[in-house]
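Undergrad: predicted structure and sequence below. I'll ask about it afterward.
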Amino acid sequence: MKRLTVPSPLGDLTLIEDAGVLIAVDWGGVERDETPLLTRARRQLDEYFSNRRRGFDLPLSPSGTAFQRRVWDRMRRIPYGETLTYGDMARAIGSAPRAVGGACGANPLPIFIPCHRVIGAGGSLGGYSGGAGRSIKIALLELESRRSLEPLPQVAGAV
């Protein structure tokens, strides 16, 4: 596996590649492997955080159960700047909201698979498993709600 740590407004993110596909993102780290895929992923993240990119076109292969992969596939279809509730997601795939929440929490590729776009009923945020938790989710939702080309400011408490 190759790993590349990249700075971001959310703190350092370590991108993990295996066999030519991106398999995970971790918070923190100091890895320096450089591959064409990891370089491309870093560039796309930079563009995303600079509000110049709305989606990612990278080969992703998250490890998970068939159910988790079904949830993650559905999450990838939530448009930039929009949200769905855990209930909406559950209805779309014929499941229960709590199970969808569990799959969101197990997402190994946050940001690339936008679990931050899944929120609770009535607009409650729900949780976020990456970095500083809910403050990261809030920052990502705020970034995507901007219509200008303002970059995302540094997140307080980010690792």
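TA: All right, it came through fine.
Undergrad: show me the domain layout of this protein.
TA: According to automatic domain parsing, the chain comprises the domains 2-49, 66-145.
Undergrad: residue 55: which of those domains is closest?
TA: With Cβ to Cβ, the closest approach to residue 55 among those belongs to domain 66-145: 6.2 Å. Backbone N, C-alpha and C define where each C-beta goes, glycine included.
Undergrad: give me the distance between the two termini of the closest one.
TA: 31 Å (Cα to Cα, to the nearest Å).
Undergrad: cool, stretch 107-126 as well?
TA: 15 Å.
Undergrad: run the chain-centre distance for it.
TA: 8 Å (Cα atoms, centre = their mean, to the nearest Å).
Undergrad: one step back: I'd like the domains of the chain as CSV, with mean neighbour count and mean pLDDT appended.
TA: Formatted as CSV, the domains of the chain follow (neighbours: other Cβ atoms under 10 Å; pLDDT from 0 to 100):
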stretch, mean neighbour count, mean pLDDT
domain 2-49, 17, 95
domain 66-145, 18, 92
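Undergrad: what would these look like in a markdown table with distance to residue 57?
TA: As requested, the domains of the chain are exported to a markdown table (distance: least, Cβ to Cβ, whole Å):
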| stretch | distance to residue 57 |
| --- | --- |
| domain 2-49 | 8 |
| domain 66-145 | 10 |
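Undergrad: these: which one's closest to residue 58?
TA: Checking the domains of the chain against residue 58 by Cβ to Cβ gives domain 2-49 as the closest, at 5.4 Å.
Undergrad: among the domains of the chain, which is nearest residue 59?
TA: domain 2-49 (4.4 Å).
Undergrad: need the residue closest to the centroid of the chain.
TA: Residue closest to the average C-alpha location in the chain (Cα atoms, centre = their mean): residue 111, at 1.7 Å.
Undergrad: ok, that residue - contacts?
TA: Contact partners of residue 111, counting by Cβ atoms under 8 Å, 6 or more residues apart in numbering, are 13, 25, 45, 48, 130, 140.
Undergrad: how close does it sit to residue 38?
TA: With distances taken as Cβ to Cβ, to the nearest Å, residue 111 is found 15 Å from residue 38.
Undergrad: again, but for residue 131
TA: Distance of residue 131 to residue 38, given as Cβ to Cβ: 19 Å.
Undergrad: ok, residue 105 touching residue 133?
TA: No: with contact defined as Cβ atoms under 8 Å, residue 105 does not reach residue 133; the gap is 10.8 Å.
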